[in-house]
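A.B. asks: no sequence for this one, just the structure:
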Ligand code: GLU
């Protein structure tokens, strides 16, 4: 009996941590609120296309290792699909599917002419050499080449992938295509058709959301106590932008632990010492755990790491007044419910982290027209998009009396539902 109860409990718990299931729940809820019929949900609950590939890679020691990769294309009614590629040992089919749905929502929220896509490879790049990573990146592109392309599906960086990996992938695709194809992928180095401001774009977008959310809550950014969980691309740039804005960054973390100092951390030093995977806490003795960091007293908390960090188990212990999600899926549905019941303003991932794909879109536009913008032009355009999107969702939440996650889904889902209807699919 005891064993049965336990296994039942663990299935129940796993269900709550199943990111695909949670996103489907909110999509259904958003479509119901908007009055769409059941078939719209049936169309949008899973990607329209999903490819699993095996990628043989010759390792430096001469052996061959077979990696598994995925590419999900959620919905291409609005336009080509768009979204990053993640290299991580925990990548799974369900996670990639959920991530592709989130990309569709982001593109809907910031009004880009794209649907959502996402890719992933099960691997640990921290334990691979530069050459092994190059062979894996090129092998992945060869494996998915038939379903991607500048007018079909446009990849980009995500967790543990960067502009060098985008460069190898662009080069491989250009060879297959027998044409220089910069618009095949975004997040490239500047010299290969990358855009100014792309690398810091996710953090810039999060910064704008923090600023707008702080205004709503009457919090002054100068001197505000900020905790950032994660020190990868988004987390590290964000810590810098918060520091530059005069906020007091009192906590940061990486996969191995967290640093906390109520008087403020030396952000410049930490940025200087982090490695390319965002690891920095290993250099310190007085670390706390990621879990402990989330529960520290602060004004603004930014989960910028991985999924399922704020759950029913710790949502009552969060002391921040504003939570802004820079990572994809850091708060479970129960976590969301508890935070909003407690009056904590939660700015959801699909809005807060949409700055990355917005500047990816700018990069793709520049590639298509062959005319490049200055950093100021990119920043000005991003600012306008993010402020408008934030206010649209904040006002929708107020008007419909729903939390900002549901409001964001309602805004995000509408364009693809309408486009699918005009195409005569539903
Ligand atoms: N991987 C990023 C995200 O999750 C960016 C995607 C893109 O630029 O296409 O939003």
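C.D. replies: Alright, I've got the coordinates. What you see is a predicted model; the values in this text were computed from it and never measured.
A.B. asks: make it CA atoms for all contacts and neighbour counts henceforth
C.D. replies: OK.
A.B. asks: how about the helix or strand residue 392 falls within, which residues are buried there?
C.D. replies: Assessed by DSSP states H and E, residue 392 sits inside helix 375-400. For helix 375-400, a neighbour-count test (16 or more other Cα atoms under 10 Å) marks 378-379, 382-383, 385-387, 389-390, 392-394, 396-397 as buried.
A.B. asks: what is the end-to-end distance of stretch 253-267?
C.D. replies: This stretch, stretch 253-267, spans 12 Å end to end (Cα to Cα, to the nearest Å).
A.B. asks: show me the contact partners of it.
C.D. replies: Outside stretch 253-267, the residues that touch it by Cα atoms under 8 Å, 6 or more residues apart in numbering are 228-232, 239-240, 243, 248-252, 278-282, 286-290, 293, 305.
A.B. asks: all strands of the stretch 301-426 of the chain, in order?
C.D. replies: 322-324, 345-347 (DSSP state E, counting those that start in this stretch).
A.B. asks: how about the stretch 151-300 of the chain?
C.D. replies: Counting by DSSP E, counting those that start in this stretch, the strands of the stretch 151-300 of the chain are 153-154, 225-229, 248-254, 257-260, 300-303.
A.B. asks: format those strands as a markdown table; extra columns: mean pLDDT, distance to the ligand and mean neighbour count.
C.D. replies: Shown next, in a markdown table, are those (pLDDT from 0 to 100; distance: least, Cα to the nearest ligand atom, whole Å; neighbours: other Cα atoms under 10 Å):
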| stretch | mean pLDDT | distance to the ligand | mean neighbour count |
| --- | --- | --- | --- |
| strand 153-154 | 98 | 7 | 25 |
| strand 225-229 | 98 | 17 | 28 |
| strand 248-254 | 98 | 18 | 27 |
| strand 257-260 | 98 | 23 | 22 |
| strand 300-303 | 98 | 14 | 28 |
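A.B. asks: give the contact list for the closest residue to residue 271 other than its chain neighbours.
C.D. replies: Excluding its sequence neighbours, the residue lying closest to residue 271 (Cα to Cα, 6 or more residues apart in numbering) is residue 236, at 6.7 Å. Going by Cα under 8 Å, 6+ apart, residue 236 touches 230, 271, 278.
A.B. asks: return the distance of residue 236 relative to residue 229.
C.D. replies: Counting by Cα to Cα, the gap from residue 236 to residue 229 is 10 Å.
A.B. asks: repeat that for residue 96.
C.D. replies: From residue 96 across to residue 229, the span is 22 Å (Cα to Cα).
A.B. asks: quick check: chain neighbours aside, which residue is closest to the residue nearest to the spatial centre of the chain?
C.D. replies: Residue closest to the mean C-alpha point of the chain, counted by Cα atoms, centre = their mean, is residue 328 at 4.1 Å. In this structure, residue 328 finds its nearest non-sequential neighbour in residue 349, 5.5 Å apart by Cα to Cα, 6+ apart.
A.B. asks: pLDDT at that neighbour, what is it?
C.D. replies: The model reports residue 349 with a pLDDT of 98.
A.B. asks: how about residue 99, what does it touch?
C.D. replies: By Cα under 8 Å, 6+ apart, the residues touching residue 99 are 117-118, 328.
A.B. asks: from the residues you listed, which land in helices?
C.D. replies: Using DSSP state H, no member of these falls in helices.
A.B. asks: re earlier: so which of the contacts of residue 236 comes closest to the ligand?
C.D. replies: Top of the list for closeness to the ligand, among the contacts of residue 236 and by Cα to the nearest ligand atom, is residue 230 at 14.8 Å.
A.B. asks: next up, phi/psi of that closest one, please.
C.D. replies: Here the main-chain torsion angles of residue 230 (degrees, to the nearest 10) amount to phi 110, psi 140.
A.B. asks: how about stretch 265-274: buried residues?
C.D. replies: Under 16+ other Cα under 10 Å, the buried positions of stretch 265-274 are 265, 267, 270-271, 274.
A.B. asks: what's the closest of those residues to residue 209?
C.D. replies: residue 267 (20.8 Å; Cα to Cα).
A.B. asks: what's the spacing between whatever residue of the stretch 201-350 of the chain ends up closest to the ligand and residue 216?
C.D. replies: In the stretch 201-350 of the chain, the residue found nearest to the ligand is residue 328; the distance is 6.7 Å by Cα to the nearest ligand atom. Separation of residue 328 from residue 216 (Cα to Cα): 23 Å.
A.B. asks: relative to the ligand, how far out is residue 352?
C.D. replies: Separation of residue 352 from the ligand (Cα to the nearest ligand atom, to the nearest Å) stands at 10 Å.
A.B. asks: quick one: residue 111 from residue 153, how far?
C.D. replies: As judged by Cα to Cα, residue 111 and residue 153 stand 17 Å apart.
A.B. asks: distance of residue 397 relative to residue 280?
C.D. replies: 38 Å.
A.B. asks: how about low-confidence regions in the protein?
C.D. replies: For the chain, applying pLDDT under 70 flags the ranges 1-13.
A.B. asks: who in it is up against the ligand?
C.D. replies: 82-84, 155-158, 354, 356-357, 360 (Cα under 6 Å from any ligand atom).
A.B. asks: contacting residues for residue 349?
C.D. replies: By Cα under 8 Å, 6+ apart, the neighbours of residue 349 are 324-330.
A.B. asks: out of those, which is most surrounded?
C.D. replies: When neighbours are counted by other Cα atoms under 10 Å, residue 326 leads the contacts of residue 349 with 34 neighbours.
A.B. asks: next up, the contacts around the closest residue to that residue other than its chain neighbours.
C.D. replies: Spatially, and ignoring its direct neighbours in sequence, residue 326 is nearest to residue 304 (4.6 Å; Cα to Cα, 6+ apart). Neighbour list for residue 304: 228-232, 234-235, 325-327, 330 [criterion: Cα under 8 Å, 6+ apart].
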